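Asks: Okay, here's the prediction I keep looking at, along with the sequence it came from:
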Amino acid sequence: MTAAPKLVSIAAAADRVPDGGTIAIGGPADGRRPLAILRALARRSWTPGALLAWAPFPEAALVGATATVLTPEQIAFAAPDVFLLHAAAADEAGDVLLDDLPDAWYADRAITRAAGCVVATVEQLVSAETVRRRPRDLVAESERVRAVVHTPFGAHPLGYRGRYPADPSGSLAGPDSADHWEYLNAVGFARLLHRCSLPEGEITHDGME
């Protein structure tokens with residue numbers, strides 16, 4: 001029997017998150033939250049069970065729930081069914097790379113190892129050779145990953161340290177959209193790319209810092 005592909009659409013990834021389970025949510029307090037997958041879960045009227053996060057997570061309201069904030073060690077001890085993670089990159093096999101400060105990297109790595117599986121959204125797709133060249137960034141091996149989705153700006157309107165700033169003109173729910181690509185078109189993909197290229201603190205053409 002052929003194994004299900006790891007690289008899927010965001011709707012298919014959302015379908016692989018069961019209703020009612022214990023779900024852990026990755027990302028530090030200042031951004032890199034898996035907001036795109038949470039919006040996809042909201043679109044399919046997902047019924048959440050327990051939500052656990054290692055940093056304050058009001059964004060859980062997107063799925064009509066409140067996240068309990070625990071230490072990464074406490075979350076790992078709880079052995080969540082699924083870990084929702086937004087990361088830097090992945091290959092088609094499902095190996096996931098994360099570039100972040102050490103405390104954030106180790107927190108998400110600890111939960112990855114304890115969770116039943118990982119559903120990851122990533123900023124870019126890379127080759128298997130790139131994964132092999134970056135062993136210290138490997139946060140989730142393919143055998144632990146149920147689904148991976150190419151999701152540029154997957155933390156929007158929050159930021160991703162070293163990649164893009166938070167977008168003060170955005171909202172957590174965002175515009176009504178069928179999928180993440182339609183969402184990016186609605187919020188202005190070119191505008192987001194332009195903001196990435198600006199020196200910190202520079203004012204953009206739309207008046208945002």
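Replies: Structure received. Residues are numbered from 1 along each chain as shown.
Asks: Extract the CA atoms of stretch 123-134 and return them as PDB.
Replies: Extracted in PDB, the C-alpha atoms of stretch 123-134 (Å, rounded to 0.1, in the frame of the first residue of the first chain):
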ATOM      1  CA  GLU A 123       7.900  29.300   4.400                       C
ATOM      2  CA  GLN A 124       9.600  27.400   1.600                       C
ATOM      3  CA  LEU A 125      10.300  24.000   0.000                       C
ATOM      4  CA  VAL A 126      13.900  22.800  -0.200                       C
ATOM      5  CA  SER A 127      15.600  19.800  -1.600                       C
ATOM      6  CA  ALA A 128      16.600  16.700   0.400                       C
ATOM      7  CA  GLU A 129      20.200  17.700  -0.100                       C
ATOM      8  CA  THR A 130      19.500  21.000   1.600                       C
ATOM      9  CA  VAL A 131      18.100  19.200   4.600                       C
ATOM     10  CA  ARG A 132      21.100  17.000   4.800                       C
ATOM     11  CA  ARG A 133      23.400  20.100   4.800                       C
ATOM     12  CA  ARG A 134      21.500  21.600   7.700                       C
END
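Asks: Stretch 95-111: which residues count as buried?
Replies: The neighbour-count check on stretch 95-111 (16 or more other C-beta atoms under 10 Å) flags 95-100, 104-105, 107-111 as buried. Any C-beta I mention is one placed from the backbone N, CA and C, and that applies to glycine too.
Asks: got it, and stretch 75-85?
Replies: Going by 16+ other C-beta under 10 Å, stretch 75-85 has these buried residues: Ile75, Ala76, Ala78, Pro80, Asp81, Val82, Phe83, Leu84, Leu85.
Asks: Could you dump the residues you listed into a markdown table with distance to Val145 and pLDDT added?
Replies: Formatted as a markdown table, the buried residues of stretch 75-85 follow (distance: C-beta to C-beta, whole Å; pLDDT from 0 to 100):
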| residue | distance to Val145 | pLDDT |
| --- | --- | --- |
| Ile75 | 18 | 97 |
| Ala76 | 17 | 96 |
| Ala78 | 20 | 96 |
| Pro80 | 14 | 97 |
| Asp81 | 14 | 97 |
| Val82 | 11 | 98 |
| Phe83 | 10 | 98 |
| Leu84 | 12 | 98 |
| Leu85 | 9 | 98 |
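Asks: Is it correct that Leu84 falls within a strand?
Replies: Yes. According to DSSP: H, G, I helix; E, B strand; the rest coil, Leu84 belongs to a strand.
Asks: now it: how far from Thr112?
Replies: 11 Å (C-beta to C-beta, to the nearest Å).
Asks: before we move on, the earlier item: list just the nearest of the buried residues of stretch 75-85 to Leu172.
Replies: Using C-beta to C-beta, Leu84 is the member of the buried residues of stretch 75-85 that lies nearest Leu172, at 14.9 Å.
Asks: can you redo the buried residues of stretch 95-111 as TSV with secondary structure and distance to Thr66?
Replies: Listed next are the buried residues of stretch 95-111 as TSV, based on DSSP: H, G, I helix; E, B strand; the rest coil; distance: C-beta to C-beta, whole Å:
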residue	secondary structure	distance to Thr66
Asp95	coil	32
Val96	strand	27
Leu97	strand	31
Leu98	coil	26
Asp99	coil	30
Asp100	coil	25
Ala104	helix	22
Trp105	helix	26
Ala107	helix	20
Asp108	helix	21
Arg109	helix	25
Ala110	helix	23
Ile111	helix	19
